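*Asks:* Generate coordinates for the sequence data below:
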Amino acid sequence: MKPNRPIVLSTWKHGMAANEAAWQVLGAGGRALDAVEAGVRVTESDPDVRTVGLGGYPDASGVVTLDACIMNEAGDCGSVACLRDIENPISVARKVMEETPHVMLVGAGALEFALSQGFPRTNLLTEKSEADWKRWKASKTEARQEINVENHDTIGLVALDAAGNLSGACTTSGASYKLPGRVGDSPLIGAGLYVDNEVGAACATGWGEAVIRAVGCHLVVEFLRQGHDPETACRLAVERVISKNPDYREIQVGFVALDKHGRHGSYCIQSGFNYAVLDASHSDLIDAPHAV
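*Replies:* Numbering: from 1, shown residues only. Next comes the predicted model:
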């Protein structure tokens, strides 16, 4: 079978704009790593996407904190968590990967590193997000997000370039009104994102605690290694998530997978999750099959 490459796919409707930016790199013969970074930066910088980057919902104290990770074809990876005041955490995560001996920096240390690398400080709390936080604080509702809210809680993006190499990126402002210091799956290599250039790549979206319990994206990639197609690999991982979370009917978790041949697929717990795919022949938004 002739591989379908280059190709890029990402989570949710806001992934379509991210895919277009990634394609500017891939379509010119560029590297998947550069494409995934360029793609999710678009979402991070869009204040109308309320759960990623600038304009993201704050934590319970009213502070916007961001999480992101990136992984290349060689297995190199970088991550930041609980990062304040930086509009594009994915680029900081790449700097962690390329400029330090570490994989993950968090909190004040992540901010100090970002500033040392020349990233400007930005006020991430927009008027809309601040107003929503004040309404939430007054109502004292539970912090967990409503299932399948438009512009959900992450953008995960994976790409296969013309040379046959895979990379991935994942970035979020996390669960709205989370406890200060909370970190979900998105910046955790193996949970929110995993890339293995021998077989494929996967990214996750939804309730991060449930993804972490199953080490979800590593699990998806291992199912690909066993010979399953991408949709089946995602379905088997969702079934594992369900088995470890008795409250699965109250949450959403979805996986997107891309294999070494450019085949793609997805699966989720609840209806309502979709993912964007773009290659040389088409750009689509696809509704994912679901368990319940």
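*Asks:* just the helices in this protein please.
*Replies:* Using DSSP state H, the helices of the chain run over 15-26, 32-44, 89-99, 107-116, 127-139, 208-214, 216-225, 230-244.
*Asks:* chain center to the second one: distance?
*Replies:* Same thing as helix 32-44. 11 Å (C-alpha atoms, centre = their mean, to the nearest Å).
*Asks:* what do you get for the first one?
*Replies:* Taking C-alpha atoms, centre = their mean, the mean C-alpha location of helix 15-26 is offset from the chain mean by 15 Å.
*Asks:* Then the fourth one?
*Replies:* Relative to the centre of its chain, helix 107-116 is centred 21 Å away, using C-alpha atoms, centre = their mean.
*Asks:* quick thing: my sequence starts at 688, can you match it?
*Replies:* All right, first residue 688 from here; so that's helix 794-803.
*Asks:* Show me which parts of the worst-scoring helix or strand of the chain on mean pLDDT are buried, residue by residue.
*Replies:* In the chain, no helix or strand scores lower on mean pLDDT, DSSP states H and E than helix 814-826, which sits at a mean of 94. Across helix 814-826, burial judged by 16 or more other C-beta atoms under 10 Å covers 816, 819, 820, 823. C-beta coordinates here come from the backbone N, C-alpha and C atoms, glycine included.
*Asks:* Including distance to residue 843, could those residues go into CSV?
*Replies:* Shown next, in CSV, are the buried residues of helix 814-826 (distance: C-beta to C-beta, whole Å):
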residue, distance to residue 843
816, 21
819, 24
820, 25
823, 25
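*Asks:* Residue 765 and residue 871, how far apart?
*Replies:* Separation of residue 765 from residue 871 (C-beta to C-beta, to the nearest Å) stands at 17 Å.
*Asks:* So what touches stretch 708-725?
*Replies:* 693-695, 697, 726, 728-729, 757, 759-760, 777-778, 781, 844-850, 852-856, 965, 967 (C-beta atoms under 8 Å, 6 or more residues apart in numbering).
*Asks:* and residue 774, what does it touch?
*Replies:* For residue 774, counting by C-beta under 8 Å, 6+ apart, the contacting residues are 731, 732, 740, 741, 807, 809, 811.
*Asks:* quick one, strands of the stretch 838-979 of the chain?
*Replies:* Remark: strands assigned in the stretch 838-979 of the chain by DSSP state E, counting those that start in this stretch are 842-847, 853-859, 880-883, 887-893, 940-946, 951-955, 961-966, 970-974.
*Asks:* The fourth one relative to strand 951-955, how many degrees between them?
*Replies:* Counting by axes from the mean of the first three to the mean of the last three C-alpha atoms, to 10 degrees, strand 887-893 lies at 30 degrees to strand 951-955.
*Asks:* try the fifth one
*Replies:* Going by the same axes, to 10 degrees, strand 940-946 is angled at 170 degrees with respect to strand 951-955.
*Asks:* can you count the residues close to the residue lying closest to residue 726 once chain neighbours are set aside?
*Replies:* Among residues not flanking residue 726 along the chain, residue 709 sits closest, at 3.4 Å (C-beta to C-beta, 6 or more residues apart in numbering). Per other C-beta atoms under 10 Å, the neighbour tally for residue 709 reads 34.
*Asks:* Please report how far residue 709 lies from residue 772.
*Replies:* In terms of C-beta to C-beta, residue 709 sits 26 Å off from residue 772.
*Asks:* Next: residue 795.
*Replies:* Distance from residue 795 to residue 772, counting by C-beta to C-beta: 11 Å.
*Asks:* So between these two, which is more surrounded?
*Replies:* Higher neighbour count among residue 795 and residue 772: residue 772, with 18 against 11, using other C-beta under 10 Å.
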